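Participant: Predicted model, plus sequence, below.
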Amino acid sequence: MKRSRAPYWLALPGWLWLAIFLVVPIAAMASVSLTTGNLIDGFAQTLSVSNYSDAIAKYSTQLVRSLVYGGVATLLMLILGYPVAYWIAFKGGHRKSMFLFLLLLPFFVSFVLRTISWGFLLADDGILFGTLKGWGLLPEDFHVLATTVAVIGGLVYNFLPFMILPIYVALERVDPRVIEAAYDLYASRFDAFRRVVLPLSLPGVFAGVLMTFVPASADPVNAAVLGGTGNTMIGNIIQTEYLVNSNYPTASALSFTLMAVLLVGIFIYARALGTENVMEAAAR
Amino acid sequence: MRTRFGDRLLYLYTWLIILWLASPIAVMIMFGFNDKKSKSNTSWQGFTLKWYQQLFEIDGLTEALINSIVIAVASTILATVLGTLLGLAVGRYRFRGKGFTNFLIFAAISTPELVMGASLLSLFVSANAPRGHLTIIVAHTLFSLAFVVVTVRARVVVLDPSLEEAARDLGASTWDTFRLVTLPSIMPGVAAGAMLAFALSIDDYVVTSFVNGSTQTFPLWIIGSVKVGIPAQVNVMGTLIFALGALVAIANSVSARRRAR
């Protein structure tokens, strides 16, 4: 094909948008994270790295908590979601698309509203626990809302379809003849799964973990709506520092730290799983 | 072949997960009909239709919903145009900077919303730009754009280039070829991208919370009223949006099936 200028013209507006509103802002945030000052006197560029050490020292609890909550939620999603993806991919038959549609049904309700409704369901006097308490099946002081369980449960509830879909896509592509071949070679059902199906589904697992762990660890909504004062996550801190305290240097340093931690996590995880899987997930 | 016991167990389990995912929606719909007396809306107190009759009578809520719709429409149009062009470029051509472009698209999708919102606010603060409708539209276009590129690209790579060659051989201009051949064949990808962009925009809370200034959107308004008690009208609006979205999706899949026949 002859070299033409067409692709540059086609890509130019999109490039500009991504450059001005994605690359420049991250650079701006890096710059702000090294300033000192306050909203009234203004911020001066002092290249002070102390913003980072101060912010991390002050909010290490929330940072670690976010990663733990995100990690536990992701693990639960993997355990809960894999069998669903497996069943739909191999046994769904002609009703596959119906099951996928049902799994995606919650997305027609706003994320925020879904989380609040989940909170309704868990409320102390709500239709679930209120009724059970009324029957005397639960002690009066039993509660789930404002606990760690509620927050992690909310994260799992909100992001589970993002785990199921990529695994389903990977499993759907597995050729059934490959599994038959394994049986023909005297593999047990478990062996066929462990040595044939599972490895072939790993790119899907990788994409699923990526699509759930990052947003779950950085999510401020579930902790704000479902958690109590002891469940604040780093997302809530960054929001408060930016929007309530207007403490831009600390907030920027925290955002950067979060991004760096997540990137390092993804990198280590990618190395453990093999880079081809990452490239394949990235190419999708 | 006899169904195995394990398969049946998995079948039941799949339904259980679907029911779990759907249960908060059932709660939302149900409490839109709740004749609640107090601010809190957690216990059932009888059936009423009054929230449907007084749907638009909450100060600020209606305005927030209108803002959300205006922002979603504007950012969807912008993201669809920019994303389709970019999707054509990376799906069709080999060019210098293609790898970097793909990386940028991947970065736009995988950057945590929180970081995206925070960095945009840093930019707007540094540039002294007033926050409002415009900054929200800019932000929503940014995160939707990459998803449009992905859906359009998927369609472009399977497009047969000989169709366009045939059109040009028959004397069609570049613009006519694009309008009459290329665009119709990538249309399903463009439409899917646009729908995704609209859904992402109307649903967004995290990014918007950073760049909204004093403008309220539907999700922001809801979060803002959590502490004082959410009016039942929110449930009603959620129910109507849900019904509309589900209907559009069903109609879409039915017409796709009919076309395939």
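Facilitator: Thanks, I have the structure now.
Participant: per-residue confidence averaged over stretch A:186-198?
Facilitator: The average pLDDT for stretch A:186-198 rounds to 86.
Participant: Select the longest helix from chain A.
Facilitator: helix A:50-91 (DSSP state H).
Participant: same question for that helix, mean pLDDT?
Facilitator: 93.
Participant: name the helices or strands packed onto that helix?
Facilitator: Packing partners of helix A:50-91 (3 or more Cβ pairs under 8 Å, 6 or more residues apart in numbering or on different chains; DSSP states H and E): helix A:96-104, helix A:148-172, helix A:198-217, helix A:234-239, helix A:248-273, helix B:5-31. C-beta here means a position set from N, CA and C on the backbone, and glycine is covered the same way.
Participant: And those, which one averages the lowest pLDDT?
Facilitator: Across the helices and strands packed on helix A:50-91, the stretch with the lowest average pLDDT is helix A:248-273; it has a mean of 85.
Participant: Would you mark the buried spots in that helix?
Facilitator: Using 16 or more other Cβ atoms under 10 Å in any protein chain shown as the burial criterion, the residues of helix A:248-273 that qualify are A:248-259, A:261-262, A:265-266, A:270, A:273.
Participant: Quick one: neighbours of residue 134, just the number.
Facilitator: Here I'm looking at chain A. Applying other Cβ atoms under 10 Å in any protein chain shown, we find 10 residues neighbouring A:Gly134.
Participant: That was the other one, I meant chain B.
Facilitator: As a burial measure, B:Leu134 scores 16 neighbours (other Cβ under 10 Å).
Participant: Give me the residues contacting stretch A:87-104.
Facilitator: The contact list for stretch A:87-104 (Cβ atoms under 8 Å, 6 or more residues apart in numbering or on different chains) reads A:84, A:161, A:164-165, A:168, A:171-172, A:174, A:176, B:7, B:10-11, B:13-14, B:17-18, B:21-22, B:249, B:253.
Participant: Narrow those residues to just the buried residues.
Facilitator: The neighbour-count test (16+ other Cβ under 10 Å) marks A:84, A:161, A:164-165, A:168, A:171, A:174, B:10, B:14, B:17-18, B:21, B:249 as buried among the contacts of stretch A:87-104.
Participant: Generate JSON lines for the helices and strands packed on helix A:50-91, with distance to B:Met237 as supplementary columns.
Facilitator: Shown next, in JSON lines, are those (distance: least, Cβ to Cβ, whole Å):
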{"stretch": "helix A:96-104", "distance to B:Met237": "20"}
{"stretch": "helix A:148-172", "distance to B:Met237": "20"}
{"stretch": "helix A:198-217", "distance to B:Met237": "25"}
{"stretch": "helix A:234-239", "distance to B:Met237": "25"}
{"stretch": "helix A:248-273", "distance to B:Met237": "32"}
{"stretch": "helix B:5-31", "distance to B:Met237": "10"}
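Participant: Give me the spatial nearest neighbour of whatever residue of the stretch 151-261 of chain B ends up closest to chain A, chain neighbours excluded.
Facilitator: The nearest approach of the stretch 151-261 of chain B to chain A comes at B:Gly245, 3.6 Å away (Cβ to the nearest Cβ). Nearest in space to B:Gly245, with sequence neighbours left out and distances taken as Cβ to Cβ, 6 or more residues apart in numbering or on different chains, is A:Phe108 at 3.6 Å.
Participant: show me the contacts for that neighbour.
Facilitator: B:Ile241, B:Phe242, B:Gly245, B:Ala246, B:Ala249.
Participant: Could I get the contacting residues of the last one?
Facilitator: Right, B:Ala249. Here B:Ala249 is in contact with A:Phe101, A:Phe108 (Cβ under 8 Å, 6+ apart).
Participant: and it, how far is that from A:Asp124?
Facilitator: In this structure, B:Ala249 lies at 35 Å from A:Asp124, with Cβ to Cβ, to the nearest Å as the measure.
Participant: ok, which residues in the stretch 151-284 of chain A are in contact with chain B?
Facilitator: A:157, A:160-161, A:210, A:214-215, A:217-221, A:224-225, A:235, A:238-239, A:242-243, A:248, A:251-252, A:255, A:258-259, A:262, A:282-284 (Cβ under 8 Å from any Cβ of the partner chain).
Participant: Could you rerun that using 7 Å?
Facilitator: Listed as neighbours of chain B in the stretch 151-284 of chain A under the rule Cβ under 7 Å from any Cβ of the partner chain: A:160, A:214-215, A:218, A:220-221, A:225, A:235, A:238-239, A:242-243, A:248, A:251-252, A:255, A:258-259, A:262, A:282.
Participant: if we can go back for a sec, out of the helices and strands packed on helix A:50-91, which is closest to B:Arg179?
Facilitator: With Cβ to Cβ as the measure, helix A:96-104 is the member of those nearest B:Arg179 (31.9 Å).
Participant: Check which residues of that closest one are buried.
Facilitator: For helix A:96-104, by 16+ other Cβ under 10 Å, it's A:Phe99, A:Leu100, A:Leu102, A:Leu103.
Participant: and if you look at stretch A:176-190?
Facilitator: For stretch A:176-190, the neighbour count (16+ other Cβ under 10 Å) marks A:Ile179, A:Ala182, A:Ala187 as buried.
Participant: Just the local confidence number for the residue of the stretch 151-261 of chain B closest to chain A, please.
Facilitator: In this model, B:Gly245 is scored at 87, pLDDT.
Participant: tell me, how many neighbours does it end up with?
Facilitator: B:Gly245, neighbours per other Cβ under 10 Å, totals 18.
Participant: quick one: secondary structure of it?
Facilitator: Classification of B:Gly245 using DSSP: H, G, I helix; E, B strand; the rest coil returns helix.
Participant: how close does it get to B:Ser23?
Facilitator: B:Gly245 is 18 Å from B:Ser23, by Cβ to Cβ.
Participant: Now tabulate the buried ones among the contacts of stretch A:87-104 in CSV and tack on distance to B:Ala191.
Facilitator: Shown next, in CSV, are the buried ones among the contacts of stretch A:87-104 (distance: Cβ to Cβ, whole Å):
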residue, distance to B:Ala191
A:Val84, 28
A:Pro161, 21
A:Ile164, 24
A:Leu165, 20
A:Tyr168, 23
A:Leu171, 27
A:Val174, 30
B:Leu10, 34
B:Thr14, 29
B:Ile17, 29
B:Ile18, 27
B:Leu21, 26
B:Ala249, 12
